[in-house]
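Novice: what follows is a predicted protein model with its sequence.
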Amino acid sequence: MTPRTASQLAHHVRPMQSTSSLGSANARHVRCMSILNSHGQLELKDKSLLIQAGFIDNTHVKTTASGKRFPVFDPARGVEIASFPDMNTEDAERAIQAAKNALPEWSQKTAKERSAILRKWYDLILQNEDDLARILTWENGKPLAEALGEIRYGASFFEWFSEEAKRLYGEVIPSPSRQQRMMAIRQPLGVVGIITPWNFPNAMITRKFGAALAVGCTVVAKPASETPLSALALCELGMRAGVPKGVIGIVTTHTDTKAIGKHFCESLDISGISFTGSTAVGKVLLKQSADTVKKMSLELGGNAAFIVFEDADLEKAVDAAIMAKFRSSGQTCICVNRFYVHSSIKDKFASLMGERVKKFQVGSGFDNSTTHGPLINQRAVEKVHSHVEDALQHGAKLVTGGTHDKDSSADSGIHGYFYPPTVLADMKTNMKMATEETFGPVAGIFSFETEDEVLEAANKTRFGLAGYFFSNDVSRCWRVAEKLQVGMVGVNTGAISSEVAPFGGIKESGMGREGARQGLDEYTQYKYINMAV
Ligand SMILES: NC(=O)c1ccc[n+]([C@@H]2O[C@H](COP(=O)([O-])OP(=O)(O)OC[C@H]3O[C@@H](n4cnc5c(N)ncnc54)[C@H](O)[C@@H]3O)[C@@H](O)[C@H]2O)c1
Ligand SMILES: O=CCCC(=O)O
């Protein structure tokens with residue numbers, strides 16, 4: 001029997017793939033099965049966090065008019081682990097109306113009252129962090145330790161915005177007239193439509209919900225169909241924290257993703273769209289929202305450059321490079337897509353990186369020894385492999401990885417979506433990886449001679465999300481940080497994400513900022529008041 005459901009899998013574990021790095025993962029898969037019970041379900045301290053329903057008016061919506069459901073897969077095994085109501089625009093409209101009805105009461109609460117609820121929600125997330133991390137690993141695949149990191153990162157947005165809620169200051173403007181007093185107050189946008197990706201099933205939701213709820217907006221969210229479980233678990237805790245009926249809604253859909261996106265954009269009851277995902281979809285949403293002139297917050301794709309100058313601390317640069325490239329198996333929007341290393345140190349850098357990458361343990365996120373999990377689906381594996389093949393065909397040198405054995409997984413009957421972490425040297429500008437976002441565990445190393453040349457190369461992209469560089473020359477650090485055409489720069493570091501810092505891009509990587517004080521701007525509008533005296 002080929003196991004295709006979670007309960008079958010609990011009794012039936014077979015090798016996944018035959019490439020050497022993945023072979024070692026197979027044995028470890030057997031050990032991690034204790035996390036699943038005899039019915040193939042996750043072992044959780046609080047089973048009520050595992051919800052397979054939409055969420056409208058603080059009620060779990062288990063069926064839709066059509067009665068259709070869509071499956072959710074464990075990417076480490078390719079087996080179905082859950083199913084959700086496949087909602088349509090009618091269901092989405094119900095959620096929008098619930099959020100609209102909830103708006104007056106929520107927006108009129110004091111900032112302190114909203115802050116207290118967000119803070120309680122934050123506390124509940126931390127109290128349930130192990131369960132939330134397990135749920136996240138199950139549907140997304142990232143290693144459990146990394147999932148726990150995401151849960152804490154996600155929670156930090158509720159902590160931060162529970163504090164910022166109380167600091168939504170307006171302005172008293174010095175008036176040019178003795179007969180008039182002028183001020184600007186800040187008011188909530190209204191109902192916000194939220195669309196999030198699968199790569200951070202928890203944190204991309206909390207980063208938006210935290211800011212929106214803090215200022216008094218209500219929200220309707222459509223999580224990625226690959227990872228709805230984390231969204232529903234979050235809402236359950238939100239309800240326990242005292243979020244009133246209708247303030248948050250979750251529309252689960254697969255078939256009608258496009259139609260629901262369009263419905264959000266065209267709805268007269270939605271005042272703003274906050275989207276995180278690909279640039280292609282962001283552009284569609286922007287166009288669709290033109291007729292209703294919505295406020296848009298777009299966190300889109302990236303093509304981050306990581307520059308290593310000849311005066312850099314090489315060991316530190318390699319450490320940071322590993323983190324900035326291979327976190328979530330390369331599936332974050334700020335993951336490095338292009339390494340530019342000075343020609344005098346490029347061979348040493350490639351070999352140090354190759355040594356480190358060869359030690360990665362690829363496997364199920366539930367196994368303690370796994371350092372890197374699967375990609376989200378087979379399409380992602382094929383895309384990553386096509387970038388590697390393209391680079392090799394155009395003359396790149398394979399330092400490690402790159403072997404993708406499609407047939408072995410078919411033989412085993414279990415289709416984990418793994419790709420071996422890969423390092424390529426001698427990259428050239430005519431390769432796909434120079435311009436397209438790979439979104440996978442492949443590091444491509446280009447070389448350069450001068451600062452001007454590398455800045456030109458790094459900026460030669462329509463993306464502008466994150467950029468990184470290593471140098472010990474202080475003047476150069478200022479110069480390069482100012483000249484990189486991106487929204488976020490890491491100088492001598494590969495870790496830049498924080499709830500206190502403004503996250504976002506320029507050019508086709510998006511508009512608006514999330515987290516930080518600036519994150520509130522996306523969900524508020526100014527009202528100028530002129531009072532005659
Ligand atoms: N800038 C950021 O903060 C950030 C964060 C995470 C991911 N990303 C980007 O997201 C991409 C990877 O995520 P993805 O593949 O899930 O992106 P995606 O754009 O395909 O999907 C993102 C979300 O949009 C939905 N969607 C897809 N087509 C839609 C449509 N026509 N109308 C409405 N909704 C639609 C999906 O169901 C999902 O919920 C990468 O490009 C990555 O860089 C950016
Ligand atoms: O994938 C994009 C988000 C990554 C992050 O917030 O660090």
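Specialist: Cool, the structure landed. Numbering: from 1, shown residues only. Ligands and ions are numbered 1, 2, ... in the order given.

Novice: how about residue 249, what does it touch?
Specialist: By C-beta atoms under 8 Å, 6 or more residues apart in numbering, the contact list for residue 249 reads 55-57, 95-96, 98-99, 219-221. C-betas here are computed from N, CA, C, even on glycine.

Novice: contacts for the helix or strand containing residue 221, please.
Specialist: Here residue 221 sits within strand 218-222, counting by DSSP states H and E. Identification of contacts with strand 218-222 by C-beta under 8 Å, 6+ apart yields 92, 95-96, 98-100, 102-103, 106-107, 190-196, 205, 208-209, 212-213, 231, 246-253, 257, 260-261, 264, 270.

Novice: if you count neighbours, what's buried in it?
Specialist: By neighbour count on 16 or more other C-beta atoms under 10 Å, the buried set for strand 218-222 is 218-222.

Novice: strands paired with that strand, and their directions?
Specialist: Here strand 218-222 is paired, per DSSP bridges, with strand 191-195 (parallel), strand 248-250 (parallel).

Novice: and ligand 2, which of these is closest to it?
Specialist: If you check each of the strands paired with strand 218-222 against ligand 2 by C-beta to the nearest ligand atom, strand 191-195 wins as the nearest, at 14.0 Å.

Novice: okay, now the unreliable bits of this structure?
Specialist: Filtered on pLDDT under 70, the chain yields the residue ranges 1-34, 40, 404-414.

Novice: go again with 90.
Specialist: Along the chain, segments meeting pLDDT under 90 span 1-41, 63-66, 403-415.

Novice: enumerate the residues of it near ligand 1.
Specialist: 195-199, 204, 222, 224-225, 257-258, 261, 276-278, 281, 284, 299-302, 333, 437, 439, 465, 505, 510 (C-beta under 6 Å from any ligand atom).

Novice: make it 5 Å
Specialist: 195, 197, 224, 257-258, 261, 276-278, 281, 299, 301, 333 (C-beta under 5 Å from any ligand atom).

Novice: and the residue of the chain found nearest ligand 1, what element?
Specialist: At 2.2 Å from ligand 1, residue 261 is the closest residue in the chain, using C-beta to the nearest ligand atom. Using DSSP H and E, residue 261 maps to helix 257-266.

Novice: out of the contacts of residue 249, which one sits closest to residue 160?
Specialist: Of all the contacts of residue 249, residue 160 sits closest to residue 219, with 17.1 Å by C-beta to C-beta.

Novice: right, and the pair among the contacts of residue 249 with maximum separation?
Specialist: Among the contacts of residue 249, the pair separated by the greatest distance (C-beta to C-beta) is 57 and 221, at 14.2 Å.

Novice: circling back: buried subset of the contacts of strand 218-222?
Specialist: Buried, going by 16+ other C-beta under 10 Å: 92, 95-96, 98-100, 102-103, 106-107, 190-196, 205, 208-209, 212-213, 231, 246-253, 257, 260-261, 264, 270, out of these.

Novice: quick one, the helix holding residue 261 and strand 218-222 angle?
Specialist: 160 degrees (axes from the mean of the first three to the mean of the last three C-alpha atoms, to 10 degrees).

Novice: counting contacts, what elements does helix 257-266 pack onto?
Specialist: When contacts are defined as 3 or more C-beta pairs under 8 Å, 6 or more residues apart in numbering; DSSP states H and E, helix 257-266 packs onto helix 89-108, strand 191-195, strand 218-222, helix 279-288.

Novice: which helices and strands does the last one pack with?
Specialist: Contacts of helix 279-288 with other secondary structure elements, assessed using 3+ C-beta pairs under 8 Å, 6+ apart, are made with helix 257-266, strand 272-276, strand 295-299.

Novice: go through these and pick out the most buried.
Specialist: Among the helices and strands packed on helix 279-288, the stretch with the highest mean neighbour count (mean count of other C-beta atoms under 10 Å) is strand 272-276, at a mean of 27.

Novice: contacts made by that one with the rest, please.
Specialist: Contacts of strand 272-276 (C-beta under 8 Å, 6+ apart): 189-190, 192-197, 204, 208, 212, 217, 264-265, 281-282, 285, 289, 294-300, 333, 512, 522-523.

Novice: repeat the analysis, applying 7 Å as the threshold.
Specialist: The list of residues contacting strand 272-276 from outside it, by C-beta atoms under 7 Å, 6 or more residues apart in numbering, reads 189, 192-197, 204, 208, 264-265, 282, 285, 289, 294-299, 522-523.

Novice: and what of stretch 338-356?
Specialist: Contacts of stretch 338-356 (C-beta under 7 Å, 6+ apart): 303, 305-310, 314, 318, 321-322, 399-400, 423, 425, 433-434, 443-449, 454, 457-458.
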